[in-house]
Each structure stands twice: as structure tokens, then as C-alpha cells.
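Asks: What shape does this take:
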Amino acid sequence: MLQIIKWILFLIFFMLLGLTAYAYLGPFFGADFSAPLHDITIPVEIDAQ
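Replies: Numbers count the residues shown, from 1 in each chain. Next comes the predicted model:
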């Protein structure tokens, strides 16, 4: 049982390491993390009586 927990912690550590590396190195390889810069307006109809 302890062996399974060690493997799970090992995998979680490397997944977090990979996610951190992707966040820092992603823009150098073409990943765009910026938010869209245009406004989105949606009309809302309120059905109040």
C-alpha cells in the first residue's frame, strides 16, 4: 500500500513540475495565455410582472 502512495505522490510531483514548466515556457513555443481583448455584450430580457 505504501508503494502505491509513493508512486501517486511521485506522479503528482512530476505533473506539477510539468505544469509549471508549461506555464513558464509555453509562450516561447507559441502557447497564448492572454485573455480576449474585446467586449462581449448579451442582451438580457427580464420577465418581471
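Asks: just checking, what packs against the host helix or strand of residue 10?
Replies: In this structure, residue 10 sits in helix 2-25 according to DSSP states H and E. For helix 2-25, the packing partners by 3 or more C-beta pairs under 8 Å, 6 or more residues apart in numbering; DSSP states H and E come out as none at all, with no helix or strand in contact. Glycine gets a C-beta too; all of them are placed from N, C-alpha and C.
Asks: avg pLDDT for that helix?
Replies: The pLDDT scores in helix 2-25 average 96.
Asks: same deal with stretch 29-46?
Replies: For stretch 29-46, mean pLDDT rounds to 88.
Asks: Straight-line length of that stretch, end to end?
Replies: From its first residue to its last, stretch 29-46 covers 46 Å (C-alpha to C-alpha, to the nearest Å).
Asks: Pull out the buried residues from that stretch.
Replies: Of the residues in stretch 29-46, none are scored as buried under the neighbour-count criterion (16 or more other C-beta atoms under 10 Å).
Asks: Verify the stated contact: residue 22 with residue 31.
Replies: Yes - applying C-beta atoms under 8 Å, one finds residue 22 in contact with residue 31, separated by 7.4 Å.
Asks: quick one: residue 40 from residue 47, how far?
Replies: Using C-beta to C-beta, to the nearest Å, residue 40 is found at 22 Å from residue 47.
Asks: again, but for residue 27
Replies: From residue 27 over to residue 47 (counting by C-beta to C-beta), the distance is 45 Å.
Asks: These two - which one has more neighbours?
Replies: For residue 27 versus residue 47, the count of surrounding residues by other C-beta atoms under 10 Å is larger for residue 27: 11 against 4.
Asks: Can you classify the nearest residue to that one once chain neighbours are set aside by secondary structure?
Replies: In space, and not counting its chain neighbours, residue 27 is closest to residue 33: 6.9 Å by C-beta to C-beta, 6 or more residues apart in numbering. With DSSP: H, G, I helix; E, B strand; the rest coil as the basis, the three-state label of residue 33 is coil.
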